[in-house]
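Participant: Sequence isn't available, so here's the structure alone:
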């Protein structure tokens, strides 16, 4: 039987989830206006830390998209100054600057709600020539594309950290600054920060695969231990970073390790290190959003010594397309669509291929990074897909969820396979008809949900996994949805269209549309895909252009 305090914490997580829902008759608690004077700086710097400038690489270098995601065309590389430089450029670096009149703001390869970027990245590595002659913990500063050395530590500690791990293993860790999102979104910001963690996990995993590396979430490290590892134990105040996760990166030729960092005492040594650099202040004033802070405490992960199990996925038939562009070009040209044209369609082949890419097949990048069975499925609003009738559809990333939906959803749903749907693709028609107004209505009345080729809600197994694992699993449901969203972003670019994540949606009206009556499944993220309309008023400039050196800021973009 679970202890009473744990049951109470789980109920508090559910209370937050209900409180942070948007409804037709009310929005989740938020600021109601934008306090531009206190807009947080999206760039964390550790003032006084030694800087290691990294190398920049042309986005046209590297293998093709399909070859990387299927692990058939990558060249195994060792951790070097060049490969680590490229990794951070391809997962957390800048992709462009946008300029309008006297304002300029940065875009990054990893997407973020409202372009606010709460996610910070760290390298934990052994000695690497031209980077550090000793093991190091370094913070990545994307604006300047530099690593800031926060601490150096002993070879013996590094050997203990990587004991039983493949040669060439290193770590990338992620943290979040909740204030960056709460400034604009209030209590719902905790959700959005964890969406962004999921996108960043996907970005790191894909960028690592380009270089011939595999990535696994080191999920059993506790929040306290990760705080020690990143030198965050003594941070305080609303600008502080909250540790999220640690990713082990190792050569593709090695099997995923089944034991990582099992000794809790290893992390005590990090508290004794001499940490360098003072974090910059992001805003002169702050607003305290009670539930965001409370959730950061409720969802802390306890350390748990455990073996990492390799999930067993079925083999999947890959839908072959006529185009296979360089993956790094797709990574760096990815943008969040602002508007769609409302008339263009996409082919059924590209539609089905995009869905297929989100299935966690054996060896499929980036889904092997996670160590739990898929929780996220799609309720799809089809608007303009050639050969498919407009209407509501459902796509299962975990087919074991099908019986639940057949039993608990609306009786009028047909659950039929559409004509022309590839064999083995778990895609079902629910009801035919024009779904544009419904898609727009449940996505906070945003036209972008109805003007694309299709939009979707990520319907996620919810109450069961949280009760089974504990409150710490709640953010991981958002991580999975962000990870899936990262694939939707990149694959839309491959077929010449564009997508965007939608964090604003009316939660319970989506559940009502399906006929769901309890917390068994919840909608955690929306997405929309279509042909973009560009804002021609904006000027696009290179990500590391000297032209912007005098007016780089964080603008209102």
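Facilitator: The structure has been received and is ready for your questions. Because the structure is predicted, anything quoted here is derived from the model rather than measured.

Participant: going forward, measure contacts between C-alpha atoms and count neighbours the same way
Facilitator: Noted.

Participant: who touches the residue nearest the centre of the chain in this structure?
Facilitator: Here the mean C-alpha position of the chain is nearest to the C-alpha of residue 199 (Cα atoms, centre = their mean), at a distance of 1.6 Å. Residue 199 sits next to 110-112, 479, 482-486 when contact means Cα atoms under 8 Å, 6 or more residues apart in numbering.

Participant: Just say helix, strand or coil for it.
Facilitator: Classification of residue 199 by DSSP: H, G, I helix; E, B strand; the rest coil places it in helix.

Participant: next one: stretch 91-98 to chain centre, how far?
Facilitator: 16 Å (Cα atoms, centre = their mean, to the nearest Å).

Participant: Just give the nearest non-adjacent residue to residue 94, would you?
Facilitator: Once flanking residues are discounted, residue 94 sits nearest to residue 108: 4.1 Å by Cα to Cα, 6 or more residues apart in numbering.

Participant: for residue 437, same thing?
Facilitator: Sequence neighbours aside, residue 450 is the residue nearest to residue 437 in space, at 6.7 Å (criterion: Cα to Cα, 6+ apart).

Participant: can you tell me which residues contact the one you found?
Facilitator: 342, 383, 435-437, 439-440.

Participant: got it, and residue 344?
Facilitator: Per Cα under 8 Å, 6+ apart, neighbours of residue 344: 384, 452-453, 530-531.

Participant: Also residue 13?
Facilitator: Contacts for residue 13 (Cα under 8 Å, 6+ apart) come out as 295, 298, 471, 474.

Participant: In a strand, it, correct?
Facilitator: No - going by three-state DSSP, the assignment for residue 13 is helix, not a strand.

Participant: what pLDDT does it get?
Facilitator: Per-residue pLDDT puts residue 13 at 98.

Participant: just the strands in the stretch 351-500 of the chain please.
Facilitator: Per DSSP state E, counting those that start in this stretch, the stretch 351-500 of the chain carries strands over the ranges 376-382, 391-395, 427-432, 454-461, 498-502.

Participant: export the ones you listed to a markdown table and tack on mean neighbour count and mean pLDDT?
Facilitator: Below are those laid out as a markdown table (neighbours: other Cα atoms under 10 Å; pLDDT from 0 to 100):
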| stretch | mean neighbour count | mean pLDDT |
| --- | --- | --- |
| strand 376-382 | 25 | 98 |
| strand 391-395 | 23 | 98 |
| strand 427-432 | 20 | 98 |
| strand 454-461 | 26 | 98 |
| strand 498-502 | 26 | 97 |
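
Participant: As TSV, those with distance to residue 84 would be great.
Facilitator: Listed next are these as TSV, based on distance: least, Cα to Cα, whole Å:
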stretch	distance to residue 84
strand 376-382	31
strand 391-395	37
strand 427-432	39
strand 454-461	33
strand 498-502	28
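
Participant: can you tell me which of those comes nearest to residue 34?
Facilitator: Across these, residue 34 has its closest neighbour in strand 498-502 (19.1 Å, Cα to Cα).

Participant: Show me how far the helix or strand following that closest one is from its chain's centre.
Facilitator: Tracing the chain C-terminally past strand 498-502 and defining elements by DSSP states H and E, one meets helix 507-514 next. When C-alpha coordinates are averaged (Cα atoms, centre = their mean), helix 507-514 and its chain have centres 24 Å apart.

Participant: likewise stretch 27-34?
Facilitator: How far stretch 27-34 lies from its chain's middle: 24 Å, per Cα atoms, centre = their mean.

Participant: taking the mean pLDDT, what do you get for it?
Facilitator: Stretch 27-34 comes out at a mean pLDDT of 93.
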